[in-house]
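J.: I would like the atomic coordinates for the input below:
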Amino acid sequence: MPGLRQTAFLDPQGCLQLASSPDPQIFTLLQVWFGAPLEGAAGADAQKGEQAMTDRKFIVDPYYWLRDDERKNEEVLAHLHKENDFAVAKTKHLEELRKTLYEEMRSHIKETDASAGYDSGPFTYYTRTVEGLGYAIHCRRPRGAALETSEEVILDENEVSKQNTKSSQTNVGDVEESPNHTMLAYTVDESGYETYDLKFKTLGPDAKEIDEVVPEVDSGVEWGKDESTIFYTKMDDQHRPYQLWRHTMGTPASEDELLYTEEDDLFWMGIGKTLDNNFLVLETASKETAEVHVLNLNEKKGKLSVVAPRRFGVLYDVDHRDGNFYIVTNDENNKNFKLSVAPATAPGPENWKPLLDAKGDTVFGNGADVSPGARMLGSLTCFKDFIAVSGRYDGYRRVWVIEMEDGAKGDGSGGARLARECHEVQFADTAATPYIGSNAEFDTDKIRVGYTSMVAPSSTFDYTPKTRKLELVKEKEVPNYDPSLYATEVLQATAHDGQKIPVTIMYRKDKYEEGKPMPLHLYGYGSYGASMDPSFSATRLSLLDRGVAYAIAHIRGGSEMGRAWYESMGKYLTKMNTFFDFISAAEHLVDLKLTTSDMMSMEGRSAGGLLMGAVLNMRPDLFKAAIAGVPFVDLMVTMCDASIPLTVGEWEEWGNPNDAKYYYYMRMYSPMDNVVPQHYPNVLATAGLHDPRVAYWEPAKWVQHLRDNNLGDSEILLKMDLEAGHFSASDRYKYLRELAFDHAFVLDKLGLAEK
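T.: Prediction:
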C-alpha cells in the first residue's frame, strides 16, 4: 500500500508472507523523461534516438527496495539469506540425490590431469589440476623435457586463493609470461565483481613475488616488447574498460602513463598483441562500431595510431605479418565479413584491398551473402608463413588456413598481398566444433587447433599446413564414459515465419525408443550473436544416464546461421524471434513425440535467463520446470537507468529506451513487465550477489513477482551465492555442488528423483 514497503519473507511452511514497514522508497516510480538525456550517459544528446519521446513515462517497481548497490544493507541481506533457507528447505528431500549427482560428476572427471600446453621460446607452458584441490596450477618445463622431472610451478591458484581474506571467491584472470620468460604477470579478482589487481613475480630457481601491484584493473594485460613495460586497462564507474595505461616495471603505479581514454559510454576497450610481437592492438568498440589503434612496440615509448577512424556500423579486427595489416571487416555491406589487407605504414580504409591467391582469385573477399548458413568470418591469427582463420559455414564452426607466397615483400605493393592457396582444416565430423587453440609462436610450421562435439571430448591437435595432417597432442580423458552408448543428431524446427531453426539433441541410445516420449532438457541463449556450438560436457552424463535427452536450440539472436541470424533477425525490433524460435523448437520436439510438455525442462543463463523469463510468460504450459541462471529479467528498469553498471552499452543490443519505437517494443517482452496471473511451471533462479553484469536484485525481484502472480502450486525458488559473481563458484568442487543442486531440481520436477 502507499507509504509502506512490502518486505517478503518465508514462513516455516515455505509460504510467502508480507510484512509492511514505513519507507520512503516504496513502489518506486522510475521516471524516464525522454526529452532530456538519461543521467550519467555520456553523449546522451546524440543517443536519444530517432523518435525521442517528450512525454514522461513511469515504470512501477514495487520491489525496488531489494536494490543495494553496496551489497551491505542488513535487511536486504537477511532477505536473501531467507531465500536461500527457503530453497534448501523446499529441496531437503533431494539431499541424497545431490550427493549422488556430485559424486557421479566427479567420477567423470580426471581430477589429477594436465592440459596440452603450448610452446613458447625455450619452455612448454601448461596447467594442471590435482585431486582435492579446487584451482588450477600453472607450470612450465623446458621444451621437450619430461613432465615428471623438470616441472616448474609458476603460479598455484590454490595458494593465491589462500591469500584471499575478503571472500571464498578467487578468480585469476590473465596469466602472462614476459617475452624473455623471466617474469610473470597475473590478475586476481577476490570478490567476483570482476575488478582485478595486477601482480608480478619472478620466474626461475629463485622465483618470488614482486612487491609491485597495480590495483583495480580489467582482467587482460599485455607485456610490451620486453619485460620492462606492461599494458593494462582500467574501468570507469560503470565498470566499463575505458582507459589504456602503460606501466614501467620498478616504478609505482601512480607514475603510470595514460595512453588513451574512451569517452563514449557505448564503447568498450580491449587489448591484444600481434603474434610477431611488433604491435600492441587496442580495440575500442560498441556492439555495432569498432575503432582499432596500434602501438609499434619497436619504438621506445611508442604512441598509438589509429588504423581506421570509427564509422557507424563498421566493425573490424586486425592482425599483422610482414609489414601488412590483415583486416576482417563488415565494411561495404559485407555483413558476414570479408578479408582485406593494407600496408602497416598506411592502413586507412582507402588502402584496404582484397587478398588474392596465386590464381588471382579473391580469398574471403565476399561477405555479402547473408542467406542462412552462408560463410561467415570470425577471427584470424597471422603466422610467418600462413594465416589461420576461424568462421562458420552451414551452421557450424570451421577453421581455414591461408598459405602465403614464399618471399612475400613487406612494401605493400603486390607480393605481400598474394596468397598461394586457402584450404579448410578437415576433421572427422563437420557437425562439430573445431577451433584455433593456444598459439604463442609466430615462426612455426604448425598450428595448434582443437575439436569437440556433443559426444566427443575436447581433443588438441597440431596441424601442419604444408602436409595438411593433424597430429593428436591430447584427448581429454573422461573416466567412466563410453561414447558408443550415446547418439546425437540435428533436427530442423519450423519457426512462426518459416525459418528453419536447428536443434542439436543428444541422448543415450538404450534410453530412447522411437515414438515414445522421454524426458528432455532444452537449453537456449540467443543474444549478442553468441553461437551455442555443440560441445562435450561430462556433467551432462548424469542427466543422460537417467534417460533425459539434452537439446540445444540454435535460435536467432545467435550467429549459428550467419551474422544476419543475429543482426537482422534477432535483436532490436526483431528480438521477439528469439523467443518464438525457442518455443517453436520445443513444440517441434513435442510434435516428433520425443517428449511432452510434462516431461520437458528448459535452461538459460544471463541473457539466456531473459529468454527463460520471456518464454515463461508466453508459454508457461510448455515446460514442467525452468533453470534461470543469473537471469537478466528486469529489462526496462535496467535499460532506463544509466547509473546501473554496463547499461548504456546494452542499448545497441536491445534498443535505446529514449527512442519510442524501442521503448514500446522492449516492453512487449521484458520478463518483469509481462508477468501476469497464470499457472507458472517450477522455476529455480540462481544468482551471485557480486555480479556486475546482471545485478543480484533482478532475479530477487523476479521470483517475488512470479510468486505474487502464480495461480498454481509450483515451486519458484531463488538460490543466491552470497560470495560469487556472474560466473558462479571459482572453486571447481563448489561449482560441481552447485550444478548438482540444479540437476537435482530438474530431475525431481521431471519425476526422476528416485531413479
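
J.: count of neighbours near residue 568?
T.: Counted with other CB atoms under 10 Å, the neighbours of residue 568 add up to 15. All C-beta atoms are positioned from the backbone trio N, CA, C, and that covers glycine.

J.: enumerate every residue touching it.
T.: Going by CB atoms under 8 Å, 6 or more residues apart in numbering, residue 568 touches 335, 370, 574.

J.: my guess is the last one contacts residue 556, does it?
T.: Yes. With contact taken as CB atoms under 8 Å, residue 574 and residue 556 are classed as touching, separated by 7.5 Å.

J.: look at these two and report which has more neighbours.
T.: Neighbour totals were compared for residue 574 and residue 556, and residue 556 leads with 30 against 16 (other CB under 10 Å).

J.: so who does the more buried one touch?
T.: Residue 556 makes contact with 495, 499, 501, 526, 565-566, 569-570, 574, 577-578, 581 under the criterion CB under 8 Å, 6+ apart.

J.: what's opposite residue 258 in the beta bridge?
T.: For residue 258, the beta-bridge partners are residue 245 (DSSP bridges).

J.: surely it meets residue 245?
T.: Yes. Assessed by CB under 8 Å, residue 258 is found in contact with residue 245 at 5.7 Å.

J.: ranges for the helices of this protein?
T.: Along the chain, the segments classed as helices by DSSP state H run 74-90, 95-107, 157-162, 541-544, 564-567, 576-591, 607-618, 635-639, 651-654, 660-669, 697-709, 732-749.

J.: looking at those helices, which is buried most?
T.: helix 607-618 (a mean of 26; mean count of other CB atoms under 10 Å).

J.: now the angle between helix 697-709 and that one, please.
T.: Counting by axes from the mean of the first three to the mean of the last three CA atoms, to 10 degrees, helix 607-618 lies at 10 degrees to helix 697-709.

J.: now do helix 607-618: everything it contacts.
T.: The contact list for helix 607-618, computed with CB under 8 Å, 6+ apart, reads 523-528, 555, 578-579, 582-583, 602-604, 622-623, 626-633, 635, 669, 671-672, 674-676, 680-681, 683, 685, 694, 699, 702, 706.

J.: now do the contacts for residue 548.
T.: Residue 548 is in contact with 518-521, 746-747, 750, 752, counting by CB under 8 Å, 6+ apart.

J.: quick check: the gap between it and residue 601.
T.: Distance of residue 548 to residue 601, given as CB to CB, to the nearest Å: 8 Å.

J.: shared neighbours, these two?
T.: Shared contacts of residue 548 and residue 601 (CB under 8 Å, 6+ apart): 519-521, 746, 750.

J.: including distance to residue 271 and pLDDT, could these go into a markdown table?
T.: Formatted as a markdown table, the shared contacts of residue 548 and residue 601 follow (distance: CB to CB, whole Å; pLDDT from 0 to 100):
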| residue | distance to residue 271 | pLDDT |
| --- | --- | --- |
| 519 | 46 | 98 |
| 520 | 43 | 98 |
| 521 | 38 | 98 |
| 746 | 40 | 98 |
| 750 | 46 | 98 |
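
J.: and those, which two are furthest apart?
T.: Greatest spatial distance in the shared contacts of residue 548 and residue 601: 520 and 746, 10.5 Å, computed using CB to CB.

J.: quick one: common contacting residues for those two?
T.: Shared contacts of residue 520 and residue 746, counting by CB under 8 Å, 6+ apart, come down to 548, 601.

J.: dead centre of this structure: give me the residue that sits there.
T.: Centroid-nearest residue in the chain: residue 530, 7.7 Å away (criterion: CA atoms, centre = their mean).

J.: for the residue nearest to that one when sequence neighbours are not counted, give the beta-bridge partners.
T.: Spatially, and ignoring its direct neighbours in sequence, residue 530 is nearest to residue 558 (5.7 Å; CB to CB, 6 or more residues apart in numbering). Assessed by DSSP bridges, residue 558 has beta-bridge partners residue 556.

J.: from residue 532, how far out is residue 558?
T.: Distance, residue 558 to residue 532, by CB to CB: 6 Å.

J.: what touches both of these two?
T.: residue 525.

J.: so which of the two has more stuff around it?
T.: residue 558 (23 against 18).

J.: doesn't residue 564 make contact with that one?
T.: No. Applying CB under 8 Å as the test, residue 558 and residue 564 come out as separate, 11.5 Å apart.

J.: quick one: contacts for residue 709?
T.: Counted by CB under 8 Å, 6+ apart, residue 709 has contacts 675-678, 680.

J.: now swap in residue 218 and tell me
T.: 187, 196, 232-235, 241.

J.: okay, the residues you listed in CSV with distance to residue 91 and neighbour count next?
T.: Shown next, in CSV, are the contacts of residue 218 (distance: CB to CB, whole Å; neighbours: other CB atoms under 10 Å):
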residue, distance to residue 91, neighbour count
187, 36, 22
196, 35, 25
232, 43, 25
233, 42, 25
234, 42, 20
235, 37, 21
241, 39, 21
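
J.: closest one to residue 69 out of the residues you listed, please.
T.: Of the contacts of residue 218, the one sitting nearest to residue 69 (CB to CB) turns out to be residue 235, at 15.5 Å.

J.: related to what we said a few turns ago, ok, the residue nearest to residue 530 - contacts?
T.: Contacts of residue 558 were listed using CB under 8 Å, 6+ apart, and they are 525-527, 529-532, 565-566, 570.

J.: and the gap between it and residue 617?
T.: Distance from residue 558 to residue 617, by CB to CB: 21 Å.

J.: over to residue 640?
T.: For residue 640, the distance to residue 617 (CB to CB) stands at 20 Å.

J.: what's the answer for residue 662, then?
T.: For residue 662 relative to residue 617 (CB to CB), the value is 19 Å.

J.: residue 399 too?
T.: 40 Å.

J.: likewise residue 705?
T.: Between residue 705 and residue 617 the distance is 11 Å, computed by CB to CB.

J.: next one: residue 202
T.: According to CB to CB, residue 202 and residue 617 sit 56 Å apart.

J.: again with residue 200
T.: Counting by CB to CB, the separation of residue 200 from residue 617 is 50 Å.
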